[in-house]
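# model this:
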Amino acid sequence: MVQAIFSMIWSTVFMELWKRRSAALSYRWGSITLTERFQEPRPGFQGDLGINPVTGRLEPLFPDWKRQVRLGLVSLPVVLLFLGLVVLGMLGFYYCEAVMSSFHKASGSIITAILSYLPSIIHIIYTNMLGNIYRNVAQRLTDWENHREESSYQNHNTLKVLVFTFFNNFAVLFHIAFFKQDLNLLRKRLSSLLILSQAVNQFTEVFVPYIVDRFYSSAEKELKEDDPEADHLQAEGSLPPFPGLFAEYIELLVQFGYLSLFSCAYPLTAVLLLLNNITEIRGDAYKICCLFRKPFSPPESGMGVWQAAFEVLGFVSVVSNCWLLLLAPRVQALTDDAGLSPATVVICAVMVEHVLILVKLILAFMIPDEPDWVRIKREQIEYRSMKAVSQQKVEKNQCL
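Numbers count the residues shown, from 1 in each chain. Prediction:
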């Protein structure tokens, strides 16, 4: 109970503090006044040349109905196909889990106990490979949909990946918790998932680029040791471009989901994620400084669609934790001793869930999304802009 309540409060406070930090950085970096305005066509946009009715300029034009047809008849079926592959992998995991469980019950040896983790390991590798393939497919689909604005392109690509990521990473866990109601299997799945998944991520994100840089670029580096400053710039220019923060946001979202949704069933989740992120920080620093070109990111005024994704997970975590509390042996023993019927227990759980959601909303309301000094600075900028527009109107009327 304490763990579930703490998880709910932590997820709320974390998001509100993140928004406040984002607002402070947005003001410091001069992007707080960025608003959604008319955008120029992105570089990858294609179409027949014509006169834009808004700008009156000659530029590529692409009908909206063609884009909608591509979305409905191609992109959506492909996304559903990959979701079906997730379900297929989940069924394979359950089948292998049942086979290994029967072997372990028959022999009861240490070897079969260790091998009982094999289905989870195979399924984790399967989901990671499927996720990597899907991200490339989603980007190609979004390219083919031919969005005019960069913001529309990013939103559609992010939405595709978010839906699949949530289903790919959490579908098995939700099915085990809500339908199979097997806390032991859930803990075993989470333990193998957190350990193996984080190890694979560290290997693919740091060690593979390091090996490529060390062995495939060593001859080139030997030729660049005479003139340090010039050769350093030339060597950095030959590095591959930084892939961006999209994969980092996805990883943070998955970690946030593990911690907020299922930590009360497996309390070691927080410890394992903390250890992972300590090494992840140094690994990302090494990656940015040594393995890729220095990134140049466009200015943003906030977290965008990622904020909504994290907040949705925060609300889902309340439902998940309340249900996991019902499955706890101590809670079940208390309800049995009290003589409560299953319907009464479910009603009590729903009431507790609504109370926790109300507390979550109150916390979110009490913590401002931006610090007072940022709010004052933003209002000062808006006041000066309004005053400048008024002054310009007065001068224009005087000239007339």
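
# count of neighbours near residue 279?
The number of residues packed near residue 279 is 12, by other Cβ atoms under 10 Å. Just so you know, the C-beta spots here come from the backbone N, C-alpha and C atoms, and that holds for glycine as well.

# which residue packs closest to it, ignoring adjacent ones?
residue 202 (6.4 Å; Cβ to Cβ, 6 or more residues apart in numbering).

# which residues sit in contact with the one you found?
276, 279-280, 283 (Cβ atoms under 8 Å, 6 or more residues apart in numbering).

# Repeat that for residue 82.
Under the criterion of Cβ under 8 Å, 6+ apart, the contact list for residue 82 reads 130, 134, 137, 164.

# May I have the predicted confidence score for it?
As summarised for this prediction, residue 82 has a pLDDT of 94.

# Would you mind giving both backbone torsions of residue 49?
Main-chain torsions, residue 49, degrees, to the nearest 10: phi -70, psi 140.

# what do you get for residue 59?
Geometry field for residue 59 lists phi and psi as phi -160, psi 170, criterion degrees, to the nearest 10.

# Which of the helices or strands spans the residue nearest to residue 279?
helix 183-202 (DSSP states H and E).

# buried residues in that helix?
183, 185-198, 201 (16 or more other Cβ atoms under 10 Å).

# So the residue nearest to residue 360 when sequence neighbours are not counted versus residue 351, what's the distance?
Spatially, and ignoring its direct neighbours in sequence, residue 360 is nearest to residue 12 (5.0 Å; Cβ to Cβ, 6+ apart). Relative to residue 351, residue 12 is positioned 19 Å away (Cβ to Cβ, to the nearest Å).

# Comparing those two, which residue is more hemmed in?
Neighbours of residue 12 and residue 351, each counted by other Cβ under 10 Å, are more numerous for residue 12; the result is 25 against 11.

# Please report phi then psi for residue 270.
Phi and psi for residue 270, reported as degrees, to the nearest 10, are phi -60, psi -40.

# Please report the distance of the residue nearest to residue 360 from residue 55.
44 Å.

# what do you get for residue 2?
59 Å.

# cool, residue 283 as well?
Residue 283 sits 45 Å away from residue 55, going by Cβ to Cβ.

# Which one of these two is surrounded by more residues?
Taking other Cβ under 10 Å, residue 283 and residue 55 do not tie; residue 283 has more neighbours (18 against 10).

# follow-up on the earlier one: from the contacts of residue 82, which single one is nearest residue 43?
For the contacts of residue 82, the closest approach to residue 43 (Cβ to Cβ) belongs to residue 137, at 21.3 Å.

# isn't that closest one right next to residue 78, touching?
Yes: between residue 137 and residue 78 a contact is recorded at 6.6 Å, counting by Cβ atoms under 8 Å.

# can you give me the helices for the stretch 301-400 of the chain?
305-327, 329-338, 342-366, 372-399 (DSSP state H, counting those that start in this stretch).

# can you tell me the helix or strand for the closest residue to residue 363 other than its chain neighbours?
If the residues on either side of it in the chain are set aside, residue 363 comes closest to residue 12, at 4.7 Å by Cβ to Cβ, 6+ apart. In this assignment (DSSP H and E), residue 12 forms part of helix 2-28.

# per-residue confidence averaged over that helix?
The average pLDDT within helix 2-28 is 84.

# which of the residues in it are buried?
Along helix 2-28, these residues count as buried under the neighbour rule (16+ other Cβ under 10 Å): 4-5, 7-8, 10-12, 15-16, 19-20, 22-24, 26-27.
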